[in-house]
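Peer 1: Need coordinates for the below:
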Amino acid sequence: QVQVAECGGGSVQAEGSLRLACLSSGHIHGSYCMGWFRQAPGKEREGVATIDVYGVTSYADSVKGRFTISKDSAKRTLYLEMNSLKPEDTATYYCAAFRAFVLSAGWVNYWGQGTQVTVSS
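Peer 2: Just a heads-up that it's a prediction; the model follows:
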């Protein structure tokens, strides 16, 4: 049974934009913090952005001012709006759900399957 599932990845040129979406099960969306992680080849999975059940957000320094996390509770959907994309943003992006408001892979309870984002220069 899929608990969280992403969609919306793709390829874009530098300075372009993409929006990722993640649909979650009902028991998750209203009870867990939600967030986005990414993993580039040969690198560790890193936290990108998170939002708690009240709508409080937090971002990695590398994406502040460029990425925006949001959610639509009626649709049980989490979003990541990515603007001014850079080649170094290229990675597999994962939707995640976790109890604590900590943007760390070790705290994640549920992972999506991942979606590829490729930014060319």
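Peer 1: in the protein, which helix or strand is least confident?
Peer 2: Lowest by mean pLDDT, DSSP states H and E among the helices and strands of the chain is helix 26-29, with a mean of 82.
Peer 1: Just say helix, strand or coil for the residue nearest the centre of the chain.
Peer 2: Closest to where the C-alpha atoms of the chain average out (CA atoms, centre = their mean) is Trp36, at 2.2 Å. Recorded secondary structure, Trp36: strand (DSSP: H, G, I helix; E, B strand; the rest coil).
Peer 1: Any buried residues in the least confident helix or strand of the chain, and which?
Peer 2: Neighbour-count burial for helix 26-29, counted by 16 or more other CB atoms under 10 Å, picks out Ile28, His29. All C-beta spots, glycine's among them, are computed from the backbone N, C-alpha and C.
Peer 1: now swap in stretch 17-35 and tell me
Peer 2: Residues of stretch 17-35 classed as buried: Leu18, Leu20, Ala21, Cys22, Leu23, Ser24, Ile28, His29, Tyr32, Cys33, Met34, Gly35 (neighbour count, 16+ other CB under 10 Å).
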